[in-house]
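**Student:** Starting from these lines, generate the structure:
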Amino acid sequence: MKKQSNYLDLVFDKNERYRSETDSQGGVTIFVENKGFFNTIMQKFFKKPRFSQVHLEEFGSFIWPLIDGERNVQQIGIKVKEHFGDKAEPLYPRLVQYMKMLSGYSFIILKD
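**Tutor:** Sure, this is the predicted structure:
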């Protein structure tokens with residue numbers, strides 16, 4: 001029988017398939033390469049970009065550098081609480097949802 005883990009104990013790392021940059025104001029942009037036959041046609045004939053840009057908002061831009069393959073979700077939450085205070089509330093439901101979203105887009109991956 002598999003033991004179910006607490007989400008707050010999980011450790012994530014950034015997926016190396018995606019490049020990210022941080023601007024001078026601390027905003028993070030994740031670059032997603034548009035690959036495949038359909039995307040190639042769209043790039044050639046309709047001048048669509050090769051890379052899409054995903055701009056993280058303030059909360060996500062703060063969390064992104066904390067996702068390092070060593071900190072668990074609870075440890076990241078402590079840093080978020082220290083930085084944002086009551087503005088982060090409800091802290092853990094919001095943080096867990098955000099991590100699930102980043103994971104769903106494969107921007108982050110679960111560490112073994």
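**Student:** can you pull out the strands in this structure?
**Tutor:** 12-14, 19-22, 28-33, 51-55, 108-110 (DSSP state E).
**Student:** Distance to His83 and mean neighbour count added to these, as a markdown table?
**Tutor:** Any C-beta I mention is one placed from the backbone N, CA and C, and that applies to glycine too. Shown next, in a markdown table, are these (distance: least, CB to CB, whole Å; neighbours: other CB atoms under 10 Å):
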| stretch | distance to His83 | mean neighbour count |
| --- | --- | --- |
| strand 12-14 | 19 | 18 |
| strand 19-22 | 15 | 12 |
| strand 28-33 | 15 | 16 |
| strand 51-55 | 19 | 12 |
| strand 108-110 | 19 | 16 |
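**Student:** Can you name the residues that contact Ile109?
**Tutor:** Phe12, Asp13, Lys14, Asn15, Ser103 (CB atoms under 8 Å, 6 or more residues apart in numbering).
**Student:** quick one on the thing from earlier: now the strands of the chain as JSON lines including mean pLDDT and distance to Trp64?
**Tutor:** Output for these, formatted as JSON lines (pLDDT from 0 to 100; distance: least, CB to CB, whole Å):
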{"stretch": "strand 12-14", "mean pLDDT": "98", "distance to Trp64": "8"}
{"stretch": "strand 19-22", "mean pLDDT": "97", "distance to Trp64": "7"}
{"stretch": "strand 28-33", "mean pLDDT": "93", "distance to Trp64": "5"}
{"stretch": "strand 51-55", "mean pLDDT": "88", "distance to Trp64": "11"}
{"stretch": "strand 108-110", "mean pLDDT": "98", "distance to Trp64": "9"}
